[in-house]
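Q: Next come a sequence and a model predicted from it.
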Amino acid sequence: MANSGRPNTNGSQFCITTVPCAHLDGTNVVFGEVMAGLGIVREIQRYGDGDLCRPTVDCVIEECGEIISSEWDVSCCDGTGDKLPEYPEDYRDENVTVLEIDPRNEKALYRRGQANYALKNYDDALMDLRLADKVSPNNKAVQKLLDEVRLTNKSYNDVQKQRLSKFFREQKEAFIEITCEIADH
């Protein structure tokens, strides 16, 4: 709860911090923690200005209320009961211990599939999600993400084919032009 640094000055403004903030210690009241939707906090954090210590765009909370489970990408309601953020920042320090112990652990496969999808590693995401779907064929969250990754991967591949076909067409035209010049001499 933000205040003026003096007793009895608490207002309705609040702060959500994602890093240690020594300048707030001892002056503001800590009254809670983000239980779900930390991904949204991370999104807002992306618009921050380090010098001003505030977002560079207005972040307005309106029409807020309960996030329903179908909005799993903001509420963490993926059917696993896990309330941790969707895409942890420590993906580089990947810990696959669970998958080493049980290579068919549906939740671990799903989470790794989510992370690979977010990193645009579509083939790896598809591999993990297909296996998770095999392990638990009735998990709607896995099926939904698998469909989404398939669609995104197809779109990505179509765009790449277009780009490469243009590149190779230009290469072929240049080769034909050079061949014609050589033949003329």
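A: Done, it's in. Numbers count the residues shown, from 1 in each chain.
Q: all contacts plus neighbour counts: C-alpha atoms, from now on.
A: Fine.
Q: what is the rounded mean pLDDT of stretch 56-70?
A: Averaging pLDDT along stretch 56-70 gives 71.
Q: Correction: the previous question concerned stretch 168-182.
A: 68.
Q: how close does residue 125 sit to residue 139?
A: Note on residue 125: its distance to residue 139, by C-alpha to C-alpha, to the nearest Å, is 16 Å.
Q: same thing with residue 117?
A: In terms of C-alpha to C-alpha, residue 117 sits 18 Å off from residue 139.
Q: The two - which one has more neighbours?
A: residue 117 (23 against 16; other C-alpha atoms under 10 Å).
Q: element containing that one, please.
A: helix 106-118 (DSSP states H and E).
Q: And that helix, what does it pack against?
A: helix 97-101, helix 122-135, helix 140-184 (3 or more C-alpha pairs under 8 Å, 6 or more residues apart in numbering; DSSP states H and E).
Q: For the protein, give me the ranges with low pLDDT.
A: 1-5, 12, 35-37, 50-53, 65-96, 172, 174-185 (pLDDT under 70).
Q: at 90 what do you get?
A: 1-108, 115, 118-119, 159-185 (pLDDT under 90).
Q: hmm, back to that, can you tell me which of the helices and strands packed on helix 106-118 is most buried?
A: helix 122-135 (a mean of 20; mean count of other C-alpha atoms under 10 Å).
Q: Residue 138 belongs to a helix?
A: No: assessed by DSSP: H, G, I helix; E, B strand; the rest coil, residue 138 does not belong to a helix; its assignment is coil.
Q: What is the burial count for it?
A: That count, for residue 138 with other C-alpha under 10 Å as the rule, works out to 10.
Q: Could you report the separation of it from residue 130?
A: Taken as C-alpha to C-alpha, the span from residue 138 to residue 130 is 12 Å.
Q: Please apply the same query to residue 38.
A: For residue 38, the distance to residue 130 - C-alpha to C-alpha - is 27 Å.
Q: residues touching residue 128, list them.
A: 109, 110, 112, 113 (C-alpha atoms under 8 Å, 6 or more residues apart in numbering).
Q: quick one: contacts for the last one?
A: Spelled out, it's residue 113. By C-alpha under 8 Å, 6+ apart, the neighbours of residue 113 are 124, 125, 126, 127, 128, 129.
Q: could you redo the last one with a cut-off of 6 Å?
A: Contact analysis of residue 113 by C-alpha atoms under 6 Å, 6 or more residues apart in numbering lists 125, 128, 129.
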